[in-house]
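Q: please work out how this folds:
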Amino acid sequence: MTHHHAASGASHRATLIGIAILAAVAVLMFSMFDRRNSQDAPPGALVERGMSPGHRLLNEEAGGTLPSNSPRIPRADASITRASARFGLSKDRVASLALSTRNAIAKSQPEDVIDVLDAALLATDGMAPDAVPALPPVLAAYAQARLNGAGVPEARAVTRSFAELASNNRAPR
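A: The predicted structure is shown next:
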């Protein structure tokens, strides 16, 4: 009888260990699906559920968490959505490029990530979809103008000139 009870205890322990392993695997699987798949997130960064791309972008710019009722969030979301559609990139990629551009400028002077997004949108406003140049060089033109001492309005004008020139010199598709 003791032998049967010991065997029953061993199989019960094995079952509990199996359940624990399955639970651990399930938790890992869930956390993998909940992770951001984007170049702007450090490895292992978790996306807060329900947080918009604009809210995440502004949090990264601020180095903290903005309240969800910040008036800048809808503007950032709208700019990211428009830039995503115009340049044919994911919202996360647009946000990543805008933030890295803003960070490069901010090493020398204050810069707002929404101004970076607006510059790209204004530079390509009214262009036919197949004439819009790629986003990285457009942002680079804005950054270079800002780093050369141009204010935001002047940098936007330089970026517009760059985008028009790039559009006119594009190889036909």
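Q: quick one: contacts for the residue nearest to Ser90 when sequence neighbours are not counted?
A: Excluding the flanking residues, the one nearest Ser90 by CB to CB, 6 or more residues apart in numbering is Ser84, at 6.5 Å. Using the backbone N, CA and C atoms, a C-beta is placed for each residue, glycine as well. The contact partners of Ser84, by CB atoms under 8 Å, 6 or more residues apart in numbering, come to Ser90, Lys91, Arg93, Val94.
Q: just the buried members of the residues you listed?
A: Neighbour-count burial (16 or more other CB atoms under 10 Å) applied to the contacts of Ser84 gives Lys91, Arg93, Val94.
Q: including pLDDT, could the residues you listed go into JSON lines?
A: JSON lines is the format used below for the buried ones among the contacts of Ser84 (pLDDT from 0 to 100):
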{"residue": "Lys91", "pLDDT": "96"}
{"residue": "Arg93", "pLDDT": "96"}
{"residue": "Val94", "pLDDT": "97"}
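Q: out of those residues, which comes closest to Glu154?
A: Val94 (23.5 Å; CB to CB).
Q: what sits against the closest one?
A: So Val94 contacts Pro53, Ile80, Ala83, Ser84, Phe87, Leu117, Leu135 (CB under 8 Å, 6+ apart).
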